[in-house]
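Chemist: Output the structure for:
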Amino acid sequence: MQTRTLFATLALLLAPLAAQEKHTLRYTFTPGSVCWSQMDQEVVQDMDMGTRKMHTSMTSSTWMESKVSGVDKGVATLTNRYARIKVKSDAPGMKIDYDSDVEGSRPGAMRQMADLVGKVATMKTDTRGKIMEITFPEDMGDAFESLATSLKAGMEQSFVYFPEEAVAIGDTWQTHLEIPMDKVGAMKVVATNKLTAVNGDTCKVDISMSFDTSGLAMPGGMQLTVKESSGSMTVSTQHVVPVESTMKMVMKMGSAEAGVDMTMSMNMTMKQVPAPAPKPAAEKKADGK
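Modeler: Down below sits the predicted model:
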């Protein structure tokens, strides 16, 4: 009986110590390793202009092949090839149902996005996941600059930036970002990351974000606020592409003077997926044309 009591006492004493185990989170890059991912995004917009109300939505899916093409002094060069893009929109004047894998499919107003298929973006990142450089092909043209800025911001938000110090489950650290808003400036973002689980080389991080929109030059007295922004990522240290991630953001924009009120919600998921099966020979020939 005394032995059982002793073991129970030791278990109670050691439990807090086990809970405080620290983890030094770092990515391990293997030159030549390849990872495929699929990113799905849904944007829903509701606008109220007094007597006129409008509801629109747009969904997109992007398949990407990411390869560690080299590692130099702890900095990895990743080549990210856009393999397939799907876009569907029901907005007035922008009805789109496009799939780059379907011959004859037309992207309409999303031509710049469709032109990404087959192109490669090069990214450099350190073992903590800090993105140091992103470059796109020079032959994309000047009109691509605005889209490239958005794509860079999207990549920065898609990966977890690990802290310098070791952390225990329940610990938090912050990441500072900027999200460009076309023609009106950029929002400053503080992302609070919380480590919630560690299992071998895989960890889970919950993320909440706060936004500073004071630097935006909104037209017509419009005001922009971010009502919600949170998500989670399950990450393998073998590759910066998340095993699985979700992110939700709700923004409100409006002007009492102009009588305009708009709510926009965005849901984004990203996950690692198997490499797609090769296209049949007949499809390859058609693509060659």
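Chemist: Now do the strands in the stretch 101-250 of the chain.
Modeler: Ranges of strands in the stretch 101-250 of the chain, per DSSP state E, counting those that start in this stretch, are 120-125, 131-135, 172-181, 185-199, 202-212, 223-236, 244-255.
Chemist: among these, which is nearest residue 49?
Modeler: strand 244-255 (9.8 Å; C-beta to C-beta). Every residue, glycine included, has its C-beta placed from N, CA and C.
Chemist: Which residues does that closest one contact?
Modeler: With contact meaning C-beta atoms under 8 Å, 6 or more residues apart in numbering, strand 244-255 is reached by 157-158, 207, 209, 218, 220-234, 260-272.
Chemist: Pull out the buried residues from those.
Modeler: By neighbour count, with 16 or more other C-beta atoms under 10 Å, the contacts of strand 244-255 hold 157-158, 207, 209, 224, 226, 229, 231-234, 260-262, 264-272 as buried.
Chemist: still on that earlier bit, could you save the strands of the stretch 101-250 of the chain as JSON lines and add columns showing mean pLDDT?
Modeler: Converted to JSON lines, these look like this (pLDDT from 0 to 100):
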{"stretch": "strand 120-125", "mean pLDDT": "91"}
{"stretch": "strand 131-135", "mean pLDDT": "86"}
{"stretch": "strand 172-181", "mean pLDDT": "86"}
{"stretch": "strand 185-199", "mean pLDDT": "91"}
{"stretch": "strand 202-212", "mean pLDDT": "93"}
{"stretch": "strand 223-236", "mean pLDDT": "89"}
{"stretch": "strand 244-255", "mean pLDDT": "89"}
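Chemist: Make JSON lines from these and add distance to residue 106 to it.
Modeler: Shown next, in JSON lines, are the strands of the stretch 101-250 of the chain (distance: least, C-beta to C-beta, whole Å):
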{"stretch": "strand 120-125", "distance to residue 106": "24"}
{"stretch": "strand 131-135", "distance to residue 106": "29"}
{"stretch": "strand 172-181", "distance to residue 106": "28"}
{"stretch": "strand 185-199", "distance to residue 106": "32"}
{"stretch": "strand 202-212", "distance to residue 106": "36"}
{"stretch": "strand 223-236", "distance to residue 106": "33"}
{"stretch": "strand 244-255", "distance to residue 106": "29"}
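Chemist: quick one: which of the ones you listed is nearest residue 23?
Modeler: strand 185-199 (5.3 Å).
Chemist: Contacts only, for the closest residue to residue 24 other than its chain neighbours.
Modeler: Nearest-residue entry for residue 24: residue 166, 4.4 Å, with adjacent residues in sequence omitted and distances by C-beta to C-beta, 6 or more residues apart in numbering. Residue 166 makes contacts with 22, 23, 24, 25, as judged by C-beta under 8 Å, 6+ apart.
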